[in-house]
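Peer 1: Here's a sequence, model it:
(one chain, ligands or ions: 1)
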Amino acid sequence: MTTELLGSIEDLTVTFARRPRWGDLRPKPFTAVDHATLDLRAGEITGLVGESGSGKSTVARALLKLTPFTGDATICGFDLSTLPTPPPLAYRRTVQAVFQDPLQALNPRHSVADIVAEPLVLHTDLGSRERRDRVIATLESVGLDSGFLPRTTRELSGGQRQRVAIARAIIVDPSLLILDEALSALDVTTAASVARLLHGLLRPDSAMLFIGHDLAMIRQLCDRVHVMREGRIVESGTADEVCGSPQHEYTRLLVDSIPQLLRADT
Ligand SMILES: Nc1ncnc2c1ncn2[C@@H]1O[C@H](COP(=O)(O)OP(=O)(O)OP(=O)(O)O)[C@@H](O)[C@H]1O
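Peer 2: Residues are numbered from 1 along each chain as shown. Predicted structure coming up:
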């Protein structure tokens, strides 16, 4: 089955200036992402997996226009190389992101109602009544009821906070949702239930980029997978291909580190 291409990223390269050793005065270029090429397809969750420091978050930051890059990237018709920084509202509505630590991303003094409604204030001209209805419906879609509206994020569990972060990201119907280690801080059961929720939230005309280091979770959740190592994508394929018969030695190491029970084809 061929699916519509929603994002096309070719030769994405991000270079930072870095002092190689303590005391070095001159920073040297360090390539965090090295000619990464990947597609994002409508109706699919694409996984980006690799060990810590392999460049996954830097790919996400480049797609959000938070870090400069070279190469070509077109997301939902937006050519990122010509898009200004910061990107226009239309792009920020189209591409939303959820990160690992919702406490950092969500204002701890604001109520859940205000946090989830904020993108509606920014991106739509809905009145307060419509906004409230939409917030309640979106909270329900992530498994939270209206009792959460007055609470602050400090009063929530990690899983509930991450659901609030997801509600805030999806309330404006983004075409691409980037999840950068969004489940990594959750316990296994909560992570599994949020993963099921994400699967249910995927629309046929939207895509998700799921970044993580847990290949077992990636296999359960994603349609396609790209494996990153030291800034390069070393292997790409369907989740079953990559996890079931890994071709690259590094992917084999990742697969071998998954407990047997999770690896078994079920
Ligand atoms: N602003 C920066 N300046 C210099 N180096 C950076 C910067 N941001 C990231 N790096 C480096 O780029 C490399 C890739 O970092 P990145 O955060 O993308 O890795 P990651 O795969 O997402 O890791 P993790 O799983 O731990 O989040 C790392 O070596 C990191 O130290």
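Peer 1: Report the contact partners of the closest residue to the ligand within the stretch 101-250 of the chain.
Peer 2: Using CB to the nearest ligand atom, the closest approach of the stretch 101-250 of the chain to the ligand is made by residue 213 at 5.5 Å. Using the backbone N, CA and C atoms, a C-beta is placed for each residue, glycine as well. For residue 213, the contact set (CB atoms under 8 Å, 6 or more residues apart in numbering) comprises 49, 50, 51, 52, 56, 181, 184.
Peer 1: Could you do residue 195 as well?
Peer 2: 183, 217, 220, 221.
Peer 1: Quick one: residues contacting the first one.
Peer 2: If I follow you right, that is residue 183. 162, 191, 194, 195, 212, 214, 217.
Peer 1: Recalculate using a threshold of 7 Å.
Peer 2: Residue 183 sits next to 191, 194, 195, 212, 217 when contact means CB atoms under 7 Å, 6 or more residues apart in numbering.
Peer 1: Could you look up the SS state of it?
Peer 2: coil (DSSP: H, G, I helix; E, B strand; the rest coil).
Peer 1: which bits of this protein sit near the ligand?
Peer 2: Within the chain, the positions near the ligand by CB under 6 Å from any ligand atom are 16, 18, 30, 32, 50, 52-58, 181, 213.
Peer 1: Going by distance to residue 22, which of the contacts of residue 195 wins?
Peer 2: Taking CB to CB as the measure, residue 22 lies nearest residue 183 of the contacts of residue 195, at 35.3 Å.
Peer 1: What segments of the stretch 1-150 of the chain are helices?
Peer 2: 56-63, 89-94, 102-105, 112-123, 128-141 (DSSP state H, counting those that start in this stretch).
Peer 1: Go through the ones you listed and name the closest to residue 148.
Peer 2: That would be helix 112-123 among the helices of the stretch 1-150 of the chain, by CB to CB, at 4.8 Å.
Peer 1: Can you list the helices and strands that the closest one packs against?
Peer 2: helix 128-141, helix 158-170 (3 or more CB pairs under 7 Å, 6 or more residues apart in numbering; DSSP states H and E).
Peer 1: Near residue 75, how many other residues are there?
Peer 2: Residue 75 has 24 neighbours, counted by other CB atoms under 10 Å.
Peer 1: which residues pair with it across the strands?
Peer 2: Applying DSSP bridges to residue 75 gives these bridge partners: residue 7, residue 78.
Peer 1: Show me which of the contacts of residue 213 are buried.
Peer 2: 49, 50, 56, 181, 184 (16 or more other CB atoms under 10 Å).
Peer 1: Need those residues in CSV (columns: pLDDT).
Peer 2: Rendered in CSV, the data for these read as follows (pLDDT from 0 to 100):
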residue, pLDDT
49, 96
50, 93
56, 97
181, 92
184, 85
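Peer 1: Could you identify the most distant pair in the residues you listed?
Peer 2: Greatest spatial distance among the buried ones among the contacts of residue 213 (CB to CB): 50 and 184, at 13.1 Å.
Peer 1: isn't there a strand covering residue 251?
Peer 2: No - applying three-state DSSP, one finds residue 251 to be helix, outside a strand.
Peer 1: Wait, it touches residue 225, no?
Peer 2: No - Residue 251 is not in contact with residue 225 according to CB atoms under 7 Å; the separation is 8.9 Å.
Peer 1: Looking at those two, which has the bigger crowd around it?
Peer 2: Set residue 251 next to residue 225 and count neighbours by other CB under 10 Å: residue 225 wins out with 27 against 22.
Peer 1: Brilliant, that's me finished.
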